[in-house]
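> return a 3D structure for these sequence lines:
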Amino acid sequence: MTPVMTAVEVMELIPNRYPIYYIDYVDELEPGNRILATKNVTINEDFFNGHFPGNPVMPGVLILEALAQAGSVLILKTEQFFGKTAYIGGIDKAKFRKKVVPGDVLKLEFIITKIKGQVGTADATAYVEGKKIAECQFTFIVGKEDRQK
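Below is the predicted model:
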């Protein structure tokens, strides 16, 4: 499948950069509704140096961050939010079902459930090999001012 957005195109939208940038490409995008993005997890990830030596596991909070970054792409591709910055306003009902390790291909799904003004909610799920490994509900806030590049 050909990506609908490359990492370079994603970086034109969101402010995140190495070492806290987690989107390799976008598989599917329905602006205002849903996104499916991919993060290829490699042993070269900086966080594996300390989490955990000899037993590398992607920290759950970084799985949530990857989901939030996918969500930011979706939000900022929604017409009323072009050129803005999306922020996490809250995370509810976070659950982790399986560890993520080097070699895993993390699929990140973010579905907007409600938008009112600059605030919205979404359901987010991370998958590895089609199996749900993490999920949560996000509240997001979109800044009113244009993003500085």
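> mind showing which ranges of the protein have poor pLDDT?
Within the chain, the ranges that satisfy pLDDT under 70 run 148-149.
> which other residues reach the helix or strand containing Thr113?
Here Thr113 sits within strand 105-116, counting by DSSP states H and E. Strand 105-116 has contacts (C-beta atoms under 8 Å, 6 or more residues apart in numbering) with 23, 27, 32-41, 58, 63, 66-67, 69-71, 74-75, 78, 100, 120-129, 133, 138. C-betas here are computed from N, CA, C, even on glycine.
> for stretch 51-71, same thing?
By C-beta under 8 Å, 6+ apart, the surrounding residues in contact with stretch 51-71 are 10, 14, 16, 20-23, 26, 35-37, 39, 41, 43, 45, 47-48, 86, 88, 91, 94, 96, 99-102, 104, 106, 108-110, 122, 124-126, 133-134, 136, 138, 140.
> that older thread, and the angle for the helix or strand just after the strand holding Thr113 with strand 105-116?
From strand 105-116 onward toward the C-terminus, using DSSP H and E, the following helix or strand is strand 119-128. Interaxial angle of strand 119-128 relative to strand 105-116 (axes from the mean of the first three to the mean of the last three C-alpha atoms, to 10 degrees): 160 degrees.
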